[in-house]
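quick check, what structure comes out for this input:
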Amino acid sequence: MTFGKTARIFSTLSITLLLAACGADETTEEGAEGSSDFDAAADIHVITREDGSGTRGAFVEVADVMDENEEDMTTPAATVQNSTSGVMQAVAGDIHSIGYISLGSLDDSVKALSIDDTEPTPDAVASGEYGVARNFNVVYGSELSEEAQDFYNFFTSQQAQELVSEEGYVPVDSEAEEYTSQGTSGDVTVVGSTSVEPLMQRFAEAYMELNPDVTIDITAPGSGAGITAAIDGSADIGMASREVDEEEASQLEGSDAIAVDGIAVITHNDNPVNEMSLEDVSSIYMGDVTTWEEVSE
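Alright, predicted model coming up:
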């Protein structure tokens, strides 16, 4: 190969690499979805939970995302996420997005909006000032085994309700009696809400420290699945982040609240919108408000 041919090949390769580098810079500058600067004229990217999610059921009811027949009217343009963490990751990665999660699951990866001039805090939920809230419920479909009943009793004990406060939720009984171990043993299965699961895990850890011969297995496919599992007996206890309906209640032996949780409406940390009316939230989720510049100040 001659020197001239080698030089031409090197020159062509250099230009190709330079163009590739420019393209990489351009991609980085524009960024993936959500990494660019906020544009008020941009479409609002609506993030919601899946059908059967207790958080979705409670949210559409409290935020009035329903028609006159109380049917869920969430815009079909919404992106569905199947877990609390999925909603948080989607919103954290997209500056034009909006979502909703359990207040107790909120961390600094996203920003919670004030709704109707009220910040979402446990105190505001407890006082009723922050109205976007719901109960965390537990249910069972038939008479519980000794070990399952003992764990169920633990939920409203002093120790458990202190954990409720520590995790950022509101206790249902601030004067609960202290739990004393009965020395039970066996296995307990708990199935249900992804929003309730973190609190239930804390309950299980505390309970098993006091009852080392009990094993508690917790899975979280959603509130609807948890209620169904309690009804059909495939789980001892179901977790639900919504209220049971009349048909479900007729098939259950018991249903009780273990905590009160706010629903935080969340956006990307760099989104300049910090507050919103509940009416705007409803309009966004029904698809009537589609851009950020339409949101009332």
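
state the next helix or strand along the chain beyond the lowest-mean-pLDDT helix or strand in the chain.
Comparing every helix and strand of the chain by mean pLDDT, DSSP states H and E singles out helix 3-30 as the least confident one, with a mean of 38. The C-terminal neighbour of helix 3-30 among helices and strands, as given by DSSP states H and E, is strand 45-49.

from the contact counts, what lies against the longest strand along the chain?
Using DSSP state E, we find that the single longest strand of the chain is strand 254-267. If contacts are counted by 3 or more C-beta pairs under 8 Å, 6 or more residues apart in numbering; DSSP states H and E, strand 254-267 sits against helix 54-62, helix 84-92, strand 97-102, strand 111-112, helix 122-127, strand 133-140, helix 158-166. The C-beta positions use only the backbone N, C-alpha and C, and glycine is treated the same way.

whichever helix or strand comes after the last one to strand 133-140, inter-axis angle?
Yep, that's helix 158-166 we're talking about. Using DSSP H and E, the next helix or strand after helix 158-166 towards the C-terminus is strand 186-192. Interaxial angle of strand 186-192 relative to strand 133-140 (axes from the mean of the first three to the mean of the last three C-alpha atoms, to 10 degrees): 140 degrees.

and strand 186-192, average pLDDT?
Here strand 186-192 scores 98 as its mean pLDDT.

helix or strand: which one has A235?
Secondary structure assignment for A235, by DSSP H and E: no helix or strand.

tell me the contacts of it?
Residues near A235 by C-beta atoms under 8 Å, 6 or more residues apart in numbering: T189, V190, V191, G192, G226, A229.

deepest-packed of the helices and strands packed on strand 254-267, please.
Across the helices and strands packed on strand 254-267, averaging neighbours per residue (mean count of other C-beta atoms under 10 Å) puts strand 97-102 on top, at a mean of 27.

which residues are contacting it?
Contacts with strand 97-102, where a contact means C-beta under 8 Å, 6+ apart, come from 34, 44-49, 55, 59, 81, 84, 87-88, 90-91, 110, 195, 241, 261-268, 284.

quick check: neighbours of it in the sheet, parallel or antiparallel?
strand 45-49 (parallel), strand 254-267 (antiparallel) (DSSP bridges).

let's see stretch 120-128 as CSV, backbone CA atoms only.
The C-alpha trace of stretch 120-128 is given here as CSV (Å, rounded to 0.1, in the frame of the first residue of the first chain):
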residue,chain,number,x,y,z
PRO,A,120,-48.6,16.5,51.2
THR,A,121,-47.3,15.6,54.7
PRO,A,122,-48.5,13.1,57.3
ASP,A,123,-49.7,15.9,59.5
ALA,A,124,-51.7,17.4,56.7
VAL,A,125,-53.2,14.0,55.9
ALA,A,126,-54.0,13.4,59.6
SER,A,127,-55.7,16.8,60.0
GLY,A,128,-57.7,16.4,56.8
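
residues in contact with it?
With C-beta under 8 Å, 6+ apart as the test, stretch 120-128 has contacts from 103, 106, 112-114, 118, 130, 132-133, 165, 168-170, 260-265.

among those residues, the buried ones, what's the ChimeraX command?
Selection of the buried residues among the contacts of stretch 120-128 in ChimeraX, burial being defined by 16 or more other C-beta atoms under 10 Å:
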select :103,106,112,113,114,118,130,132,133,168,169,170,260,261,262,263,264,265
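
I'd like the strands paired with strand 97-102 laid out as TSV, including distance to E293.
Shown next, in TSV, are the strands paired with strand 97-102 (distance: least, C-beta to C-beta, whole Å):
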stretch	distance to E293
strand 45-49	15
strand 254-267	15
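
so which of those comes closest to L144?
L144 lies closest to strand 254-267 among the strands paired with strand 97-102, at 8.2 Å (C-beta to C-beta).

so that closest one versus helix 54-62, what angle?
Using the same axes, to 10 degrees: strand 254-267 against helix 54-62 is 80 degrees.

tilt between strand 254-267 and helix 158-166?
Counting by the same axes, to 10 degrees, strand 254-267 lies at 20 degrees to helix 158-166.

could you pull up the mean pLDDT of strand 254-267?
When pLDDT is averaged over strand 254-267, the result is 97.

gap between the very next helix or strand once past that strand and the chain center?
As assigned by DSSP H and E, the chain's next helix or strand after strand 254-267 is strand 275-276. Distance of strand 275-276 from the chain centroid (C-alpha atoms, centre = their mean, to the nearest Å) equals 19 Å.

now for strand 275-276, which elements pack on it?
Packed against strand 275-276 by the contact rule (3+ C-beta pairs under 8 Å, 6+ apart) you find strand 114-115.
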